Every structure is written in structure tokens, then in C-alpha cells.
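S.K.: below is the sequence, then the predicted model.
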Amino acid sequence: MKPLITIIIPSYKRCKKIKKALSSVKSQTFQNWEAIVIDNSSKDGTKELINSFEDERIKFYEINNEGIISKSRNFGIEKSDGQYLAFLDSDDWWTPNKLEITEQYINKGYKFLYHNMYISKNNNLIKTKTKYCRNLNKPIYNDLIENGPAFPTSSVIVEKKLFNSVKNFDELKDLVTWEDYDAWIKCSKVNEDFVKLPGILGYIKIDNENLLSPDKSIKNIFSFQTKYIKSGNLPVWCIFSLIRSYILKKDFTKAKHFLESLKTYKLNLKLRLRYIFLKLFCLIKY
């Protein structure tokens, strides 16, 4: 018997974009799914658009999530009937075979599945894939902590029982915009059945509406440090993220400070080249 997969889609003022997300769901070659749209009290016609699909598998709810997307996702999980949960942001979309390939790996016993996605930037017609989707080494918890985020949220499918066991998404305000990464870390503490699916099975829309500001990126790194790095130094990926954010803020003093904190002999060739480029850039600007 085919598993029922619940697709969780939070939305807010995305009437013009969510149609593509839902159309990609309806086009799936695997059809044993339900989609739950949790809208944050939009007044842009989202509800009417959802109703126009006339598909009883697509369910619509309105809530006030107070700016915390975890509340929307957790609400959708509470309303779900599927044995597996798939997450899809309202401005992203999937290839038609995404769920079919997912089912094949579910049947192999995997409980946490993810894949790479293409990036769609504004009117950019050139397809590029994300640069941070990778195979994870065990222990997976250590890999996620030491090497950072490993896959897009809109690629994740997880066993509902497993996700419930870690109490779903954390709804703390300090975790807003990295609550998904935090949830994957929690899952890795209790399960090692992670698998990267073959192929590139979706698209991430990047535009001015969903870009993360440098200030928010900096806040996220220090929030991550408080929760997961109890002692010792920040992982290298955190330091590079801070350097990039401070450069974008044109705070070259702090960018240089974090550059100098890197132990270059521990960096691989790619990171050493990145270090050299950033150091030269800061020297020119500072």
C-alpha cells in the first residue's frame, strides 16, 4: 500500500506565486498525497485561488502566526493524515517525479529524505543548482553542526512519527528563519536514516521578498552558537557567514576580526582561496 504524503505549505501574501507550487503538486506522477495550505491571514485572494483548484486533497486553513512560520507549519502537521511530511514553501515548486522518487526510497526504509534544487532568480533564465546540498557523513548531528545547513527546506520529506518525536518545529522567536535547520539537527539526534535523493527535483525562487538581511544572518549565527556551541570556537562555516554579512554591512573592522580568527592551516584549498579573496577585499576597503 502506498504511503500517504502530507505536503505542508505555509503562505503569506503569495497569491501570485502559490499557484505554481500547487500546480507542481497536482502534476506529480505519485498521486497519494494531501496538501495543507496554512495562510497567515492574507487578504490578497489566496483563499479564492486555493478553492479554484477544486481538489479535495488540497486543504486550506487561515491562522495568525504572529510572524513565526513554525506556528503555521506545526498547525499543518496537526491537521495532517499522512505517514510522511513533505515541506514546500509557497514560492517554490517541484519536478513531476519528486514524490515518485521519494516513495522508492521510503520503501527502502529511509525516514529522512532530501534533494538538491535549482535556483530561480528573478528573471534569470539560466538554471543553477544550490551549492549547499550535500551527502551527510555519520554521525549526522556532528556533520550538521560542523558544516552547516545541508539541503533546502522545500526538498525535505520526513516520517511524521519521527518528526513528532522531536516536537516538530520550535516556535521560539530567536529561531525565526533558521527554525528548519534547527529541526533537522533535532531529528539527527534520534535518527541516522537520512538520504540524499538522486537528481535535482525542484526549484527555489529567490527574490527581494525572501532574501535574508545581513543583520538577520548575524543574529542567526549567534543564536545558533548559544544553542549548540556551548564551548569552543565557532565552526568555520559560521565564521565565513559572519565575514560575508559584515562585508555587506560595510563593517570591515569586524569582517577583518573574524578573518583573523580563522586557522588557515585547517582550511581545504577551496576555503583557503575564499579566505585569500576576502582578506584582500577587506584590506582594500579597510
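M.R.: Sure, I can see it.

S.K.: where does the protein dip in pLDDT?
M.R.: The model of the chain has pLDDT under 70 over residues 122-126, 208-210, 285-286.

S.K.: strands along that one, start to end?
M.R.: Here the chain has its strands, by DSSP state E, at 5-11, 33-39, 58-62, 84-87, 93-94, 112-121, 128-129, 157-159, 194-206.

S.K.: quick one, which of the ones you listed is nearest to K20?
M.R.: K20 sits nearest to strand 93-94 of all these, at 4.9 Å, using Cβ to Cβ. C-beta here means a position set from N, CA and C on the backbone, and glycine is covered the same way.

S.K.: residues touching the one residue sitting closest to the centre of the chain, list them.
M.R.: Centroid check for the chain by Cα atoms, centre = their mean gives T153 as the closest residue, at 2.7 Å. Residues in contact with T153 (Cβ atoms under 8 Å, 6 or more residues apart in numbering) are F87, D89, D180.

S.K.: in JSON lines: those residues, plus neighbour count and distance to C15.
M.R.: Converted to JSON lines, the contacts of T153 look like this (neighbours: other Cβ atoms under 10 Å; distance: Cβ to Cβ, whole Å):
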{"residue": "F87", "neighbour count": "24", "distance to C15": "20"}
{"residue": "D89", "neighbour count": "22", "distance to C15": "15"}
{"residue": "D180", "neighbour count": "22", "distance to C15": "23"}
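
S.K.: adding distance to P10, write those residues out as a markdown table.
M.R.: What follows is the contacts of T153, written out as a markdown table (distance: Cβ to Cβ, whole Å):
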| residue | distance to P10 |
| --- | --- |
| F87 | 9 |
| D89 | 7 |
| D180 | 11 |
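
S.K.: tell me the one of those nearest E159?
M.R.: After measuring those against E159 - Cβ to Cβ - the closest member comes out as F87, at 13.1 Å.

S.K.: now that closest one, which residues is it bridged with?
M.R.: With DSSP bridges as the criterion, F87 is bridged to I8.

S.K.: how about it, what does it touch?
M.R.: Contacts for F87 (Cβ under 8 Å, 6+ apart) come out as I7, I8, R73, T153, S154, V156, I157, D180.

S.K.: in CSV, list these along with distance to I218.
M.R.: Shown next, in CSV, are those (distance: Cβ to Cβ, whole Å):
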residue, distance to I218
I7, 33
I8, 29
R73, 25
T153, 21
S154, 25
V156, 25
I157, 31
D180, 19
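
S.K.: going through those residues, which ones are buried?
M.R.: When these are checked for burial by 16 or more other Cβ atoms under 10 Å, the buried set is I7, I8, R73, T153, S154, V156, I157, D180.

S.K.: between all of these, which two are separated the most?
M.R.: Maximum distance among the buried ones among the contacts of F87 (Cβ to Cβ): 15.2 Å, for I7 and D180.

S.K.: tally of neighbours for S231?
M.R.: 4 (other Cβ atoms under 10 Å).

S.K.: now it, what are its backbone angles?
M.R.: Here is the backbone geometry of S231 (degrees, to the nearest 10): phi -150, psi 160.

S.K.: leaving aside the residues adjacent along the chain, what's closest to N233?
M.R.: Distances taken as Cβ to Cβ, 6 or more residues apart in numbering place S261 nearest to N233, at 7.7 Å, with adjacent residues excluded.

S.K.: residues contacting S165?
M.R.: By Cβ under 8 Å, 6+ apart, the residues touching S165 are V190.
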